[in-house]
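Q: 3D model of this:
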Amino acid sequence: MTDHKPIFAGIQGDHNQYQNSEILLQSIPYDGTSTWRKGADKGFKAFLDASENMEIYDIETDSEVYQKGVHILDPILEDSSPEVVFEAVYQNTKKLLKTDKFLTFFGGEHSISIGIIKAFYEAHPEITILQLDAHTDLRPEFHGSAYNHACAVHDASKNANLVQVGIRSMDSSELPYLDRRKCYFAEDMYGTTDWVEDSLSKITGKVYITLDLDVFDPSIMPSTGTPEPGGLLWNTMIQYLRKVFEQKNVLGFDIVELAPIEGLQGPDFLAAKLYYKMLSYKFENS
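A: The predicted structure follows:
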């Protein structure tokens, strides 16, 4: 019965049907390789619950982007191994790229992005992968797998133009894979806005955004697998994202690593509001 299918923002209507929607939302509730706080597999439900309590008029863009239609696809529930999850996500994304929809994804942990990103850079070889994250995630393998959350953008670093923003934690084994010219450490971003234009100059015309919620400071986003101190605050993030959407052609994005904390709804609401903001920026002039 269609009544039981999840609905973004809780708003019933024909705009959410596949044929009418301009936006697809694919959930991938996989949390198989996370190494500290578990719970990212429960992030999508918390995100949807929060979205039902969100104002749907966006002041900044003077729009109600939900009217463009957000069709929620059946979740990818594969969890037998990181390798099998990667393949399932990769093949699914290749199919989705053949549609005329704007593609959005919600984790799950950050390993779910590996297959998505591969499908995107194969379809658009000139694309930039913009990673907003506390961690570099450049390990070639971790705990015996190249598809671990700690390896989320290693493949992208070899096959696409990777720009990393908000980084404040890494392992020394990742240093050989780090391009310091395109990595913006949170410590260097603090108290200045020079990084904004400099990073934008490194991003090509087409971009895919992979956003790990631990890019935010844990004072506003504690509900992640690894909440790192010293992260971005809300207004800094949305001001930057608006510039990215205004100046570049964003082809899709994912939001990952929401691990809900019982009784603490603020971070869930932040994730829902962030998703809605990104859509509002994408469709602002359409």
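
Q: Can you get me the start-to-end distance on stretch 238-254?
A: Start-to-end span of stretch 238-254 (Cα to Cα, to the nearest Å) is 15 Å.

Q: isn't Pro218 right up against Glu228?
A: Yes - between Pro218 and Glu228 there is a contact at 7.0 Å, judged by Cβ atoms under 8 Å. Backbone N, C-alpha and C define where each C-beta goes, glycine included.

Q: So what does the closest residue in space to Asn92 that isn't next to it in sequence look like in phi/psi?
A: Among residues not flanking Asn92 along the chain, Ile76 sits closest, at 6.1 Å (Cβ to Cβ, 6 or more residues apart in numbering). The phi/psi pair for Ile76 (degrees, to the nearest 10) reads phi -90, psi 110.

Q: Now for Ile76, how many residues are close by?
A: Residues lying near Ile76 (other Cβ atoms under 10 Å) number 21.

Q: what does Ala150 give?
A: Neighbourhood size, Ala150 [other Cβ under 10 Å]: 26.

Q: quick one: it and His135 touch, right?
A: Yes - applying Cβ under 8 Å, one finds Ala150 in contact with His135, separated by 7.4 Å.

Q: Which residues are in contact with Phe253?
A: Thr104, Phe105, Tyr208, Ile209, Thr210, Leu211, Met278 (Cβ atoms under 8 Å, 6 or more residues apart in numbering).

Q: would you say it is within a strand?
A: Yes - counting by DSSP: H, G, I helix; E, B strand; the rest coil, Phe253 is part of a strand.

Q: gap between it and Ser169?
A: As judged by Cβ to Cβ, to the nearest Å, Phe253 and Ser169 stand 22 Å apart.

Q: pull the longest helix from the protein.
A: For the chain, the longest helix by residue count, based on DSSP state H, is helix 266-282.

Q: Now do the strands in the stretch 101-250 of the chain.
A: 102-107, 128-132, 161-167, 183-185, 206-212, 249-256 (DSSP state E, counting those that start in this stretch).

Q: JSON lines please, covering these and showing distance to Thr224.
A: Listed next are the strands of the stretch 101-250 of the chain as JSON lines, based on distance: least, Cβ to Cβ, whole Å:
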{"stretch": "strand 102-107", "distance to Thr224": "11"}
{"stretch": "strand 128-132", "distance to Thr224": "13"}
{"stretch": "strand 161-167", "distance to Thr224": "13"}
{"stretch": "strand 183-185", "distance to Thr224": "19"}
{"stretch": "strand 206-212", "distance to Thr224": "8"}
{"stretch": "strand 249-256", "distance to Thr224": "9"}
